[in-house]
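Novice: pasting the structure only:
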């Protein structure tokens, strides 16, 4: 029983990371039809910049204020990177979707290479508040506390996104645009600003995810964004392009499937199953489980 | 005629490499309804979309004398062009109120909308996707009519609707047309006969007839030739 | 093609091949770019790699440039070629020819299976499914499936398994010529295919599905054929790669590598076959030589802000890629064709297809 609880909470923690990356990707794809291959880079750079700030703090990042600062810096970094990407690269290619995807591929490769060069390609250990390294007892299982931090952050982001989507004008435009972008413009709304908003939100969530992923793994490494990105893509597709709730549900589902299969069956089989699940969903319901029907 | 509100010259448009419009030219008078007619597939909807910049187009399009053929869609709409698309295209996952909010510009005609479509107030929080076809058509009309417009472009508003709803929609369009000129694409000839003053008939991607509606409807031979229908059996709702 | 072009193009091609074949006998040196004159082992090894990767890029151009299929998992078939060939030689102790045939057979079957499944959907969904399958393959490799793939360390190829003519430093020339042969074979096969009815259908399917359906041909089949041929040829290139590298490393199964195929083709010019080849060669040169160049005196003395980016091949390639997509959509081939005088008689269709990206991706709904 305690194993199940441990797997479940660890799965939720991993799902939290997936959600942070997938939520932005889902909105970006849903609204802009851009498959943002640079999203992993947003995460990685956000994580590394947060990490660097942490190392330079007087008390180190092992204090809570320091850690919170790292989270903020990571989020901000991701947001700024996304803003620059959208303004300088994506905008120029308005309505040329394949080229937009290509440009994000190039950016993803270049940004990770830069991280490789600037910080080195080895993983480095990530300083965090001591509490996160300890465990808490829950239903008989000893759960590492960093999982709780990830889950709390993801829940916060989910709530924030839902409020944004349902209580603000930009949210209205985004929700409508995900359904039918052409019609939104045909009602006199300039969707391009919504594009920027969505990109920045995605970048911010990814940057936050970067710092939290480093916490979860206890290390930073240049490949951490891309490693998560493939699973985030899977979550986005399964959950439905453009659906935040779908991403949340799929993130949890995918992560739990992975954890339990990896443990109870063969290690590594879980990852494999998830990839196959993607293929299955795509073939049966190309718009995803929560996606809009034609 | 006095200066037309909309003037189209040599409009060409293509979709996915297929050439659909092959030099369309016509005017829309500054008052009343101009009906755009033609059999299925001649390019009526493509013409409407070209006016709005929703498809790749070439040619001259002038709104009150100013060229709009190179502008982005939202800018064209902001100049006062209200577009009611074929198949309504309401946002199913938004509520009725949200559908209206999204399209709100100046909202100067909100009273008119409340008068024309009293049901919508009651259904304000209902998801638009759960509405009937007729109700969705009301939403599609309301979101455009709530603002002040210089021109309305309405594409097959009675498509697929029951006869009772068809006349409600026609009533609403008649009301709207009292103050704003309209380009109306419509297959239902009774609606056209009731509303339209001028007609423009298309075939195979170009305009083949321009004239006054009354003259066209008085000549069954012409109607048959241009549209393939007999006036005695008006095209009822499909 | 008009008269002069019809003669000039194949002649140039033959001349280039002959020149390349003669390189090991020549003393050509390109300091900085090549590690030594063209008869040296290091340079021949590098050039062999360039030719193979270039050939791989051409197979990807068949998929993306000609048929308009944006696949994110093409490296899978290349990896099958490398790994399966290595495994059948090393672990199953097959002789070279049976191993090669087995590898080619399995590679083709895998491509057929994956293609049959993935092509049921279009646009982004297709791209994601191909990515998923490639990722699954990568997972198998990294997890040392069945104890066969060697996980992170990869697989070495012991010399006992190979014919003597390919072994040893002195025979690097033979490996080079083998690579050249593979490259020429792959390139010609694809060029020939593009001219056949099947090839024209592939180009047609890229532009406008409806026109293909109207003549009674199923676009699905056309795409599937392109997919399988591209995959099978990629497997062939993979086998050559194994021989030249002397081993298999899991890096070739990563999405990074597949994406770099995309980079190569776009840099060279989507739809221009020789552009893809040049893209592949350039990519490999940059990738292999930049680290050496980066430690050279000129770069080592630059301030860190310049030195760090310039020492990372993927940074340069990524940035170049972005610039090409933004400002030079036709890639290098596009640049070249703009510099060439326009031939009014040149229909241009048979020799190279349009230098443009496939139309915006449509999801199947």
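Specialist: It's in. As the structure is a computational prediction, the values presented were derived from the model and not from experiment.

Novice: ok so residue A:162 is a helix residue?
Specialist: Yes - judged by DSSP: H, G, I helix; E, B strand; the rest coil, residue A:162 forms part of a helix.

Novice: For it, which residues are in contact?
Specialist: For residue A:162, the contact set (Cβ atoms under 8 Å, 6 or more residues apart in numbering or on different chains) comprises A:244, A:245. All C-beta atoms are positioned from the backbone trio N, CA, C, and that covers glycine.

Novice: Likewise for residue C:318?
Specialist: A:106, A:107, A:108, A:109, A:110, A:111, A:113, C:263.

Novice: ditto for residue A:275
Specialist: A:234, C:132, C:133, C:135, C:136, C:139.

Novice: Looking at the contacts of residue C:318, which is nearest chain B?
Specialist: Proximity of the contacts of residue C:318 to chain B was ranked by Cβ to the nearest Cβ; the top entry is residue A:107 with 25.8 Å.

Novice: out of everything not next to it in sequence, what's closest to the residue of the stretch 201-350 of chain C found nearest chain B?
Specialist: Per Cβ to the nearest Cβ, the residue of the stretch 201-350 of chain C with the smallest distance to chain B is residue C:208, at 4.9 Å. Distances taken as Cβ to Cβ, 6 or more residues apart in numbering or on different chains place residue B:17 nearest to residue C:208, at 4.9 Å, with adjacent residues excluded.

Novice: What residues does chain B have near chain A?
Specialist: Residues of chain B lying close to chain A by Cβ under 8 Å from any Cβ of the partner chain are B:52, B:54, B:72-74, B:77-78, B:83, B:85, B:89, B:91-94, B:98, B:101-103, B:105, B:143-144.

Novice: From these, which land in helices?
Specialist: B:52, B:73, B:74, B:77, B:78, B:98, B:101, B:102, B:103, B:143, B:144 (DSSP state H).

Novice: near chain C, which of those show up?
Specialist: Counting by Cβ under 8 Å from any Cβ, no member of those reaches chain C.

Novice: Put together JSON lines for the residues you listed, with pLDDT and distance to residue C:270 on each row.
Specialist: What follows is those, written out as JSON lines (pLDDT from 0 to 100; distance: Cβ to Cβ, whole Å):
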{"residue": "B:52", "pLDDT": "94", "distance to residue C:270": "31"}
{"residue": "B:73", "pLDDT": "94", "distance to residue C:270": "29"}
{"residue": "B:74", "pLDDT": "94", "distance to residue C:270": "31"}
{"residue": "B:77", "pLDDT": "95", "distance to residue C:270": "35"}
{"residue": "B:78", "pLDDT": "95", "distance to residue C:270": "37"}
{"residue": "B:98", "pLDDT": "95", "distance to residue C:270": "41"}
{"residue": "B:101", "pLDDT": "94", "distance to residue C:270": "43"}
{"residue": "B:102", "pLDDT": "95", "distance to residue C:270": "38"}
{"residue": "B:103", "pLDDT": "93", "distance to residue C:270": "39"}
{"residue": "B:143", "pLDDT": "93", "distance to residue C:270": "41"}
{"residue": "B:144", "pLDDT": "94", "distance to residue C:270": "41"}
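
Novice: now those residues: which count as buried?
Specialist: Buried subset of these (neighbour count, 16 or more other Cβ atoms under 10 Å in any protein chain shown): B:52, B:73, B:74, B:77, B:78, B:98, B:101, B:102, B:103, B:143, B:144.
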